[in-house]
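>>> predicted model and sequence follow; I will ask about them next.
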Amino acid sequence: MATLQLSDYCNPVIALKPSLKSFFIKTDHRNYCGASRVRVVPRACLQKPSLTRRHLLAETAAISVAPLILGIEPPAKSEEPLLSEWERVYLPVDPGVVLLDIAFVPDDLSHGFLLGTRQTIMETKDGGNTWVPRSIPSAEEEDFNYRFNSISFKGKEGWIVGKPSILLYSSDAGESWERIPLSAQLPGDIVYIKATGEKSAEMVTDEGAIYVTSNRGYNWRAAVQETVSATLNRTVSSGISGASYYTGTFNTVNRSPDGSYVAVSSRGNFYLTWEPGQPYWQPHNRAVARRIQNMGWRADGGLWLLVRGGGLYLSKGTGISEDFEEIPVQSRGFGILDVGYRSKEEAWAAGGSGILLRTTNGGKTWTRDKAADNIAANLYSVKFIDDTKGFVLGNDGVLLRFLG
C-alpha cells in the first residue's frame, strides 16, 4: 500500500494520520544528519533549513488528506452527549406530555408502567428499554383527559389514580385493569396511592384526606379525622405562619417506608407531617427564608428539603424534624425539584434545565453531571425501583434510565 512521504532533508516524515509526531523531527546539536545525542526540536524552532510558505501549505494539505487516501474515516460526532450514569429513552408520546410516575411488577421487574399527563399510560416488558402506549378501555369511556398521578404494585396487584378522580385496579400484574367507583364527596383529587397488601391500599388527596381499603377499593376508611383546611382553620392560634384560614392544597406529598407522610403546602410557606395513628396532620413552620419546593425522606429516615431557587437542606438526625442544615449545591440558579435515594450513601437530585446532581456520602457533598445540561427539559422526579434500576422523569416525554 502506498504511503505519503514529505521530504524533510535527512529525516522523511511518513504522514499516516494527523498527530503531534508529524510536527517534530530528530536532530543533533552539531549537525542535522548526525546520529549522536538525539533530541526533539519543534520545526518552528529550526533555522536551517527554513520552510517556505509553499512547503508548509503542501505539508498541511498532505496531512489533512492522508486519512482519506489511506481509507481511514474520521470518527462520527455524537449528536447527543452520553450521560455518565444515565441514558435517554425515547418515547412515542406527544410533545408536552409530563411524566409523573413509574412502577414495576415486583415479581417481574422487566414489566412496568409509566404514567403522565394527557391520559398517558405506557408499558414495558424489557425492563424499561422500550415503551409502548397502553390503552385501558375503562379509562376512556368518558370525555375526560385524565392526568394519571400515581401507580403502585404489591405482588400482582396494581393501583392507578388520576385527576379528575379515577381509580384503576389490577389483580393480574397489569394485564387487565378495572375501574373502581369513587364517591362524588371525596375531598380533593387523589394525588398518591400505595399498595400495602392483598386487596389493600392507601390513598391521599391533595386536601390531606387519607383513606385505606382492604377489599379491593369497594370500601374506604378515613385514617385522619379531617382535612388539612379544617385542621388549620380550627386551630387559628397554632402559630404556623400562613396557616390561618388556609384553603389551599398540597403541592407535594411523600410517604416513608414506615407509612409516615410529609407534605408541602401549595404556596410553600409551611409543611405538614402525619404518622400512623395520629388523628390530624401536624403543621410545621419552615426553617428557611425561601419558600419550600418539595420535601421527602432520606434512606436513613431523615428528611430532605428543597427550596425555590435551587437550595437543598437536610434535617439533623432521623425522623420528623424542624432543624435543617443547608448543603451547598451547584444548581446554577435553577430549581431542584426532587431527590431519589439509591442507597443510604448514594442519591440523585434533578431539577430545571436538565440539572442532575449526585452524592455518594449521604448528602454531605454533591457533584453535577454536566453531560445532562444539554437536555432541554425540566426533570421532575427521580425514582429508584432498587439499587440497579432507576429512572428520571421530565416534561416533554423525557425519560432517563439509570445505567449503574
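Right, received. Where do you want to start?

>>> quick one, helices of the stretch 101-250 of the chain?
Taking DSSP state H, counting those that start in this stretch as the test, the helices found in the stretch 101-250 of the chain are 228-234.

>>> quick one: low-confidence parts of it?
In the predicted model, the stretch 101-250 of the chain carries pLDDT under 70 at residues 235-247.

>>> again, only using 90
In the predicted model of the stretch 101-250 of the chain, residues 137-145, 184-185, 226-249 satisfy pLDDT under 90.

>>> what about the strands in it?
For the stretch 101-250 of the chain, applying DSSP state E, counting those that start in this stretch gives strands covering 108-116, 120-124, 132-133, 147-154, 157-163, 166-170, 178-179, 190-197, 200-205, 210-213, 221-222, 250-255.

>>> ok, the stretch 251-400 of the chain next?
Ranges of strands in the stretch 251-400 of the chain, per DSSP E, counting those that start in this stretch, are 261-265, 270-274, 282-285, 292-297, 303-307, 311-315, 324-327, 336-341, 347-351, 356-359, 367-368, 379-384, 390-394, 399-402.

>>> kindly reformat these as TSV and extend each row with distance to Phe153.
Any C-beta I mention is one placed from the backbone N, CA and C, and that applies to glycine too. Below are those laid out as TSV (distance: least, Cβ to Cβ, whole Å):
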stretch	distance to Phe153
strand 261-265	20
strand 270-274	23
strand 282-285	30
strand 292-297	20
strand 303-307	25
strand 311-315	30
strand 324-327	33
strand 336-341	18
strand 347-351	22
strand 356-359	27
strand 367-368	33
strand 379-384	13
strand 390-394	15
strand 399-402	19
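
>>> those: which one's closest to Pro106?
With Cβ to Cβ, the closest approach to Pro106 among those belongs to strand 379-384: 14.2 Å.

>>> mean confidence score for the closest one?
Mean pLDDT, strand 379-384: 96.

>>> partner strands of it, with direction?
Strand 379-384 has the following sheet partners, assigned by DSSP bridges: strand 390-394 (antiparallel).

>>> so which bits of stretch 138-153 are buried?
Within stretch 138-153, the residues scored as buried using 16 or more other Cβ atoms under 10 Å are Ala139, Tyr146, Arg147, Phe148, Asn149, Ser150, Ile151, Ser152, Phe153.

>>> oops, could you answer that again for stretch 151-169 instead?
151-154, 157-163, 166-169.

>>> could you report the neighbour count for the residue nearest to Leu303 when sequence neighbours are not counted?
Ranked by Cβ to Cβ, 6 or more residues apart in numbering and with sequence neighbours excluded, the top spatial neighbour of Leu303 is Ser315, at 4.1 Å. The number of residues packed around Ser315, counting by other Cβ atoms under 10 Å, is 21.

>>> quick check: which of the strands of the stretch 251-400 of the chain is nearest to Gly127?
Proximity to Gly127 (Cβ to Cβ) singles out strand 399-402 among the strands of the stretch 251-400 of the chain, at 8.7 Å.

>>> show residues contacting the closest one.
With Cβ atoms under 8 Å, 6 or more residues apart in numbering as the test, strand 399-402 has contacts from 83, 85-89, 91, 99, 114, 128-129, 131, 342, 372, 375, 379, 384, 388-394.

>>> run the last query once more with 7 Å
Strand 399-402 is contacted by residues 85-89, 91, 99, 128, 389-393 when judged by Cβ atoms under 7 Å, 6 or more residues apart in numbering.

>>> put the alpha carbons of it into PDB.
Taking Å, rounded to 0.1, in the frame of the first residue of the first chain, the C-alpha atoms of strand 399-402 are listed here in PDB:
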ATOM      1  CA  LEU A 399     -37.200   9.700  30.400                       C
ATOM      2  CA  LEU A 400     -33.700   8.800  31.600                       C
ATOM      3  CA  ARG A 401     -32.700   5.300  32.600                       C
ATOM      4  CA  PHE A 402     -30.000   4.500  35.100                       C
END
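
>>> so how far is that strand off the chain centroid?
7 Å (Cα atoms, centre = their mean, to the nearest Å).

>>> mind listing what the spatially closest residue to Arg216 that is not a sequence neighbour touches?
Once flanking residues are discounted, Arg216 sits nearest to Lys199: 4.7 Å by Cβ to Cβ, 6+ apart. Applying Cβ under 7 Å, 6+ apart, we find Lys199 in contact with Ser214, Asn215, Arg216.

>>> among these, pick out the one closest to Ala263, please.
Of all the contacts of Lys199, Ala263 sits closest to Ser214, with 24.0 Å by Cβ to Cβ.

>>> and that closest one, how far is that from Ala299?
29 Å (Cβ to Cβ, to the nearest Å).

>>> test my guess that Glu207 contacts Glu226.
No. Contact criterion Cβ atoms under 7 Å: Glu207 and Glu226 do not qualify, at 9.9 Å.

>>> okay, Ala76: pLDDT?
Listed pLDDT for Ala76 reads 36.

>>> make residue 1 into 51 and carry on from there
Got it, the first residue is 51 from now on, which makes the last one we talked about Ala126.

>>> among the contacts of strand 449-452, which pair sits farthest apart?
Glu135 and Leu141, at 19.9 Å, using Cβ to Cβ across the contacts of strand 449-452.

>>> who has more neighbours, these two?
More crowded of Glu135 and Leu141, by other Cβ under 10 Å: Leu141, with 20 against 15.

>>> please report phi then psi for the nearest residue to that one once chain neighbours are set aside.
Among residues not flanking Leu141 along the chain, Gly447 sits closest, at 4.7 Å (Cβ to Cβ, 6+ apart). Main-chain dihedrals, Gly447, degrees, to the nearest 10: phi 70, psi 20.

>>> and for Gly447, the neighbour number?
Counted with other Cβ under 10 Å, the neighbours of Gly447 add up to 23.

>>> ok, now which ones touch it?
Residues in contact with Gly447 (Cβ under 7 Å, 6+ apart) are Leu141, Val143, Val147, Leu149.

>>> how many neighbours does Pro378 have?
Neighbour count of Pro378, defined by other Cβ under 10 Å: 10.

>>> could you measure from it over to Ala280?
40 Å.

>>> then Ser202?
Distance of Ser202 to Ala280, given as Cβ to Cβ: 27 Å.

>>> burial measure for the closest residue in space to Trp136 that isn't next to it in sequence, as a count.
Using Cβ to Cβ, 6+ apart and skipping residues adjacent in sequence, the residue nearest Trp136 is Leu450, 4.3 Å away. The number of residues packed near Leu450 is 25, by other Cβ under 10 Å.
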